[in-house]
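Asker: turn this into a structure:
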Amino acid sequence: MISRLVAYFALLAAALVGGCASQQVLNSLSSDEGFQRAENVPYDAATGLTLDVYRPTGPGPAPVVVFFYGGRWSSGDKSEYKFVGQALASRGFVAVVPNLREYPTVRFPEFVNDGARAVRWTRDNIANYGGNPQTLFIMGHSSGAHVAAMLALNGEYLKKAGMQRSDLKGMIGLAGPYDFLPITAPDLRDIFGPPEKFQYSQPIFFVDGKNPPLLLVHGRNDDVIFADNTLNLARAVSKAGGAVETVLYDNLSHSMIIGSLASYLRGRADVLDQIEDFIKRTIAAPPRAAEPEIRGTPLDVANPPAGGGVAAQPLEFGAQPPAQALDVSPLQIEPDPVPLAAPGVGSDGVSPYGTGGVQQSPEVMPTAPPGATPLTPIPLPGSQQVPEAWSAAPQPTPQMPEGYPTTVNGAPVVAPTPFPTPAANLPLTVPPLPPGQ
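Answerer: Below you'll find the predicted structure:
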């Protein structure tokens, strides 16, 4: 008993710190029973990418979940997420964990294209591993949730891989970045640049109401990727008529939201229970109408379930929801913390990371050069404003990025107003990134 308590607290401490070391601890304490694992299965010969499949020992065919891990689009490996495969298999799901190419080897949108190819392989081959390709879900944590959201919201990626969004039964996002303009960190500007392409990196930009059902889970106290990402996307999807559910936890960190799937930490939060419930309800629900009605998901903050989460509201199909379910604007959300103090945060508390901010990196936001005339802030999606310091630089002419599609989900794309390029004489001070971010 004492040894188990010691192991538990060691695991808890490691998970709170985050990073690769904590994932290795989570893996080492995960059970090896109840599933069969096929490792390093090739899914894309051109890139040499592989995946692991976790098959539950129970009867099949079973629902399938493709999981994309996080790591700031630049780190991580499928071998670090055995605990996720074990968790999903323990609930009767076949789990697929692929590797994707990472920065700086590739830049956006190549890792999203990798994700689409992994999903295509899964649809075509998962029956050989006891999975049901008709009940195919995608799921991701952190930057992996960004990949999953892009696949669920922008049909062009799956179409390029020979699939459709209707092939997906649902998408699950854990603490994902969906609405993180402006992009200021040098590495992220390089990953998603040039600036005229920034809008195309935002899942919220592609909301059209035709998405598969979404389950978006976040901790309100997440200081790596702010919970506004989830709230903003949920409001946009609901307004467009798409199916979306939200689960918010008052006290669940960015690393713990995925760490809670490990067997020794499941008592910390009911994240795995919420995932299982969403998958089973979505499979049991009848197909949505061709012209979906708005299905707002009110956050039941008055009656949170055990574990500290906000109860996910059931998906409704074919019936008119209550009037209050259509209005998600009066949500009373406590302001998310600004993780790093920086010049330019006004008395109104506006963060330089943007209303749906991702912690860009520990950097100091520049101020306008002496004598510069502040320009009128340029509106961006989600009513975000560009800091005056950025507006002093010469602005590029709006144009479609070379090689990008001229249509999105069948509709013509208009070249967006580009995010302004910072003036060359506005230096950034960039200390090293914290571990695991």
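Asker: tell me the mean pLDDT over stretch 104-122?
Answerer: The predicted model gives stretch 104-122 an average pLDDT of 98.
Asker: could you export that stretch as PDB, CA atoms only?
Answerer: The C-alpha coordinates for stretch 104-122 follow below in PDB (Å, rounded to 0.1, in the frame of the first residue of the first chain):
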ATOM      1  CA  PRO A 104      11.500  22.400 -38.500                       C
ATOM      2  CA  THR A 105      11.400  19.400 -40.900                       C
ATOM      3  CA  VAL A 106       8.100  20.600 -42.200                       C
ATOM      4  CA  ARG A 107       5.800  23.600 -41.700                       C
ATOM      5  CA  PHE A 108       2.100  24.100 -41.800                       C
ATOM      6  CA  PRO A 109       0.000  22.600 -43.400                       C
ATOM      7  CA  GLU A 110       2.200  19.500 -44.000                       C
ATOM      8  CA  PHE A 111       1.600  18.000 -40.500                       C
ATOM      9  CA  VAL A 112      -2.200  18.300 -41.100                       C
ATOM     10  CA  ASN A 113      -1.800  16.500 -44.400                       C
ATOM     11  CA  ASP A 114       0.000  13.700 -42.500                       C
ATOM     12  CA  GLY A 115      -2.900  13.500 -40.100                       C
ATOM     13  CA  ALA A 116      -5.300  13.200 -43.000                       C
ATOM     14  CA  ARG A 117      -3.300  10.300 -44.500                       C
ATOM     15  CA  ALA A 118      -3.200   8.500 -41.100                       C
ATOM     16  CA  VAL A 119      -7.000   8.800 -40.900                       C
ATOM     17  CA  ARG A 120      -7.300   7.400 -44.500                       C
ATOM     18  CA  TRP A 121      -5.100   4.500 -43.600                       C
ATOM     19  CA  THR A 122      -7.200   3.800 -40.500                       C
END
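Asker: list the buried residues in that stretch.
Answerer: Of the residues in stretch 104-122, those buried by neighbour count under the rule 16 or more other Cβ atoms under 10 Å are 106-109, 111-122. C-betas here are computed from N, CA, C, even on glycine.
Asker: how many neighbours does the closest residue to Asn99 other than its chain neighbours have?
Answerer: Nearest residue to Asn99 in three dimensions, chain neighbours excluded: Lys78, at 5.0 Å (Cβ to Cβ, 6 or more residues apart in numbering). Using other Cβ atoms under 10 Å, Lys78 has 22 other residues around it.
Asker: from what I can see Lys78 touches Pro98, true?
Answerer: Yes. Under the contact definition of Cβ atoms under 8 Å, Lys78 touches Pro98, with a separation of 6.4 Å.
Asker: partner residues bridging Leu216?
Answerer: Leu216 has these beta-bridge partners by DSSP bridges: Gly173, Thr246.
Asker: for Gly131, that is, sorry about that
Answerer: Ala62.
Asker: who are the packing partners of the host helix or strand of Ile275?
Answerer: Per DSSP states H and E: Ile275 is located in helix 271-284. Helix 271-284 sits against strand 62-68, strand 131-141, strand 170-174, strand 214-219, strand 244-249, with contacts defined as 3 or more Cβ pairs under 8 Å, 6 or more residues apart in numbering; DSSP states H and E.
Asker: inside helices: which ones of the buried residues of stretch 104-122?
Answerer: If you go by DSSP state H, the buried residues of stretch 104-122 have 111-122 in helices.
Asker: could I get these in a markdown table, plus columns for distance to Ala175?
Answerer: Output for those, formatted as a markdown table (distance: Cβ to Cβ, whole Å):
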| residue | distance to Ala175 |
| --- | --- |
| Phe111 | 18 |
| Val112 | 18 |
| Asn113 | 23 |
| Asp114 | 21 |
| Gly115 | 17 |
| Ala116 | 22 |
| Arg117 | 25 |
| Ala118 | 21 |
| Val119 | 21 |
| Arg120 | 26 |
| Trp121 | 26 |
| Thr122 | 23 |
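Asker: ranges for the strands of this structure?
Answerer: 35-44, 49-56, 62-68, 94-98, 131-141, 170-174, 214-219, 244-249, 379-380, 384-385, 407-408, 411-412 (DSSP state E).
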